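A.B. asks: what follows is a predicted protein model with its sequence.
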Amino acid sequence: MPANDPSPELTHRVQVATRWVVAAQVASQIVSLIVLAGLWRMVPQADFGLLGMVMPLVLLLRTFASAGLNVAAVQQDELSAGQASLLFWLHMGLGVLVAAGIAACGPLLAVVYRTPDVTAVCTALAGTSVAAALGAQHQALLERRLRLGRLAVARLVAQTCGGAAGLSAACGGWGVWALVIQQYVELLALAAALWAAEPFRPGWPTRHASILPLVSFSSWYTISGLTFALAHNLDKIVLAVFLGSTRTGQAALGMYTQAYNLMVKPVYLLSTPLTGVMLPALSRSRKDPRAYLDLSSRFYRLAAVALMPCGFGLFLVAEDVMVVLGGTEWRPAGTMLRALSPAILALGSVNIAGSVFSSAGRADRLARAAVATTVLLAAGLSAGLLAGRALGDSDLGPVLGVAWGYSLTWVLIVLPPYLWYAGRTIDRSPAIFVAPQRRAFVAAAGMAAVVGSFGIAMSWVEIAPPWRLTLMIAAGIAVYAILARRELRHVREEFLEFRPDVR
């Protein structure tokens, strides 16, 4: 980084935070894959389908429970202890209210999906909104103060605890209830870890503490959050309506939801902590246009170096990944994963663009972009469903159609206007987001061409899926390291070698 950077202290804090985040996310990825491999082999696919029928509603209403106030707390220049306490109790109240709403919706879902079993699962998951609210304010304060190393460790500990609890319950044959237990243990462990990491302790609300300055921003952010939650779960809702009434349909939906979760895992493992760094960093630098644009470019460049090879690589190894992790019965999910993998190229860019809107104080524009995105996705999913149903009467045809409709809509229809709108919000061309990703995209595409040819050559020889997957991944890493050496060197210089003297 140039020595004359306008904000060396902020840049140094961002670099330190990012190093912690990257290390924690590598460990988190390993833990997650181990847990998934165990659960996929012990829990029936149809039980994953039952969970997939309920989780869209749970996540949608849990988004409402935050009311966008946690993001508003990060974005604001000043936040008093009284305001923080008031926000905590508001989160808790909304969490209880949402829990009641989730439980009440259980019978309605059973009617819509024509599946009585979802009522009990929906009721059981209702309390997760309260568990999530317990640590929401503490997480916002850690993000606000850029104490992201502590936050990353807390998430890793919680994920490990939840995974261990889920695997233990699955070993006991608990089926879908093992997945419910995993949810609760992870959320409660995260809340406990956040309280240990952040010294803030809520007091009773006082009349002197006002959060009115945060309400306007948070109301728009809540609209955008709810709309994006709907957009990200619309595919599961559509498939649940069409397939959820039969056990075979639930199994197909279960395979789709797990393929989707595996596809989106690198996106959220990178973009969630990255936006945790990005939002407070951009918010603190918004009065300095030069620093703001410089940080924006850096974040997009870092995201591209990690996500571009994931998108191209997962397309090549999707089937082997599902077989190695879950066994041969999960092979059809590999085709679904391949269809979904192009979405990685768009989802990361869209997710971190949310920090651009929020840091600029334009949550209203973020809400409008979310609504437009949902409308476009609805159209794309409808087209995909119709095309999939035309392929045959089996459950897999509609699922594959929806998977391709989802990914192609994100890449070809949503992403270009979304980045244009984000650029307009800060009075810049969308090139500020696209240019930093260009070299990583070209390197990842070149890697896919070389490794894809290698995979075709290996298909002429009988090789077990674990060995084939290992060879493909090793070849991909080696080729990408060569083709993207300039970008990888930049990442090293940016986050490992720079050592400003900041006191």
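C.D. replies: Yep, that arrived.
A.B. asks: burial count for residue 290?
C.D. replies: Burial measure for residue 290: 11 neighbouring residues, criterion other C-beta atoms under 10 Å. From N, CA and C alone the C-beta is placed, and that goes for glycine too.
A.B. asks: how about residue 328?
C.D. replies: Each residue near residue 328 was counted by other C-beta under 10 Å, and the total is 8.
A.B. asks: against residue 126, how distant is residue 104?
C.D. replies: Applying C-beta to C-beta, to the nearest Å, the value for residue 104 to residue 126 is 9 Å.
A.B. asks: and the two? Which one has more around it.
C.D. replies: Counted by other C-beta under 10 Å, residue 104 and residue 126 do not tie: residue 126 has more neighbours, with 21 against 12.
A.B. asks: give the contact list for the more buried one.
C.D. replies: 58, 99, 100, 102, 103, 106 (C-beta atoms under 8 Å, 6 or more residues apart in numbering).
A.B. asks: and those, which are buried?
C.D. replies: 58, 99, 102, 103, 106 (16 or more other C-beta atoms under 10 Å).
A.B. asks: now the nearest residue to the third one once chain neighbours are set aside, what are its backbone angles?
C.D. replies: Nearest non-adjacent residue to residue 102, counting by C-beta to C-beta, 6 or more residues apart in numbering: residue 126, 4.0 Å away. Residue 126 adopts backbone torsions of phi -60, psi -40, taken as degrees, to the nearest 10.
A.B. asks: if I look at residue 126, how far off is residue 225?
C.D. replies: Taking C-beta to C-beta, one finds residue 126 at 19 Å from residue 225.
A.B. asks: ditto for residue 466
C.D. replies: 40 Å.
A.B. asks: those two - which one has more neighbours?
C.D. replies: More neighbours surround residue 225 than the other of residue 466 and residue 225, with 24 against 11 (other C-beta under 10 Å).
A.B. asks: which element is that one on?
C.D. replies: Secondary-structure element containing residue 225, defined by DSSP states H and E: helix 212-243.
A.B. asks: residue 193 against residue 160, yeah?
C.D. replies: No: with contacts counted by C-beta atoms under 8 Å, residue 193 stays clear of residue 160, the gap being 10.5 Å.
A.B. asks: residue 153 sits in which helix or strand?
C.D. replies: Going by DSSP H and E, residue 153 is in helix 148-171.
A.B. asks: could you pull out the buried residues of the helix or strand that comes right after that helix?
C.D. replies: As assigned by DSSP H and E, the chain's next helix or strand after helix 148-171 is helix 176-197. In terms of neighbour count (16+ other C-beta under 10 Å), helix 176-197 has its buried residues at 176-194, 197.
A.B. asks: next one: stretch 248-258
C.D. replies: Those would be 249, 250, 251, 252, 253, 254, 255, 256, 257, 258, for stretch 248-258 by 16+ other C-beta under 10 Å.
A.B. asks: residues touching the fourth one, list them.
C.D. replies: Think residue 252. Counted by C-beta under 8 Å, 6+ apart, residue 252 has contacts 49, 239, 243, 332, 395, 396, 399.
A.B. asks: again, 10 Å this time
C.D. replies: 45-46, 49, 239, 242-244, 246, 332-333, 336, 394-400 (C-beta atoms under 10 Å, 6 or more residues apart in numbering).
A.B. asks: how about it, secondary structure?
C.D. replies: Secondary structure, DSSP: H, G, I helix; E, B strand; the rest coil: residue 252 is helix.
A.B. asks: now the nearest residue to it once chain neighbours are set aside: phi and psi?
C.D. replies: Excluding the flanking residues, the one nearest residue 252 by C-beta to C-beta, 6+ apart is residue 395, at 3.9 Å. Main-chain torsions, residue 395, degrees, to the nearest 10: phi -70, psi -30.
A.B. asks: which two in the contacts of residue 126 are spaced the farthest apart?
C.D. replies: 58 and 100 (13.0 Å; C-beta to C-beta).
A.B. asks: overlap of the contact sets of these two?
C.D. replies: Joint contacts of residue 58 and residue 100 (C-beta under 10 Å, 6+ apart) are 126, 129.
A.B. asks: buried stuff in stretch 377-396?
C.D. replies: So, applying 16+ other C-beta under 10 Å, buried residues of stretch 377-396: 377, 378, 380, 381, 383, 384, 385, 387, 388, 395, 396.
A.B. asks: just stretch 143-152 next, same as before
C.D. replies: Applying 16+ other C-beta under 10 Å to stretch 143-152 flags 143, 144, 146, 147, 148, 149, 150, 151, 152 as buried.
A.B. asks: mind listing which of the contacts of residue 126 are in helices?
C.D. replies: Among the contacts of residue 126, the members found in helices (DSSP state H) are 58, 99, 100, 102, 103, 106.
A.B. asks: thanks again, I'm all set now.
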